[in-house]
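J.: Sharing a sequence plus its predicted fold:
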Amino acid sequence: MKLCDIIPEGGILDDLKSVQKEDVIKEMVQALVKAGKIEEGNAKKVIKALMDREELGSTGIGAGVAVPHAKHDSVTDLVGAFGRSKKGINFDALDGEPVHVLFLLLSSKGASGTHLEALAYISRLVRDEKFVRFMRDTKDVNSLRDLLKEADETLGGS
């Protein structure tokens with residue numbers, strides 16, 4: 001599994017405008033709509049699935065990172081988006097700190113194994129403080145894409 005295969009062209013947002021959890025999720029889902037990975041007519045349902053998951057417990061895992069994720073039948077392939085906030089987002093993170101780095105992950109309801117594998121891979125990546133710092137501080141979308149490729153090559157994307 002490689003993040004560069006999951007995150008489509010247009011799925012990297014290097015300067016999220018929103019500062020609240022639901023608005024950020026909407027912004028990232030809209031990027032996936034524009035990238036052709038989610039149909040416009042399903043966007044609200046996908047956002048609801050993501051927010052329902054947030055109701056179970058925040059996916060703001062701490063250290064400035066959040067990994068919102070959900071399963072929805074309108075999603076046929078494992079798909080993700082990456083977002084970076086320079087301002088910081090109130091994501092109800094476990095440590096109470098603002099979130100600056102987000103990986104959003106969606107899969108179909110029948111893809112539990114792949115979904116969990118992707119979550120585990122992302123979790124490994126974001127435990128690497130240097131990786132998170134680079135993702136937070138790099139200059140633009142192209143540099144972010146390069147960092148994701150490097151992570152796929154060196155940190156275990158298979």
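T.: Okay, I see it. Numbering: from 1, shown residues only.

J.: separation between Ile122 and Ser107?
T.: With distances defined as C-beta to C-beta, to the nearest Å, the gap from Ile122 to Ser107 amounts to 13 Å. For every residue, glycine as well, the C-beta is placed using N, CA and C.

J.: So the two - more neighbours on which side?
T.: The residue with more neighbours, out of Ile122 and Ser107 and counting by other C-beta atoms under 10 Å, is Ser107; that gives 26 against 22.

J.: is it true that the more buried one touches Thr76?
T.: No. Contact status for Ser107 versus Thr76: not in contact, 9.2 Å apart, counting by C-beta atoms under 8 Å.

J.: Who are the packing partners of the longest strand along the chain?
T.: Of all the segments of type strand in the chain, defined by DSSP state E, the longest one is strand 79-89. Other helices and strands packing on strand 79-89, by 3 or more C-beta pairs under 8 Å, 6 or more residues apart in numbering; DSSP states H and E, are helix 3-6, strand 12-13, helix 21-34, strand 99-107, helix 129-137, helix 141-154.

J.: try it again with 7 Å
T.: Using 3 or more C-beta pairs under 7 Å, 6 or more residues apart in numbering; DSSP states H and E as the contact criterion, the secondary-structure elements in contact with strand 79-89 are helix 3-6, strand 12-13, helix 21-34, strand 99-107.

J.: and it with helix 129-137, angle?
T.: Using axes from the mean of the first three to the mean of the last three C-alpha atoms, to 10 degrees, the inter-axis angle of strand 79-89 relative to helix 129-137 is 80 degrees.

J.: So which bits of strand 79-89 are buried?
T.: Buried residues in strand 79-89, counted by 16 or more other C-beta atoms under 10 Å: 79-85, 89.

J.: In this structure, where is pLDDT below threshold?
T.: Applying pLDDT under 70 to the predicted model, the residue ranges of the chain that meet it are 155-158.
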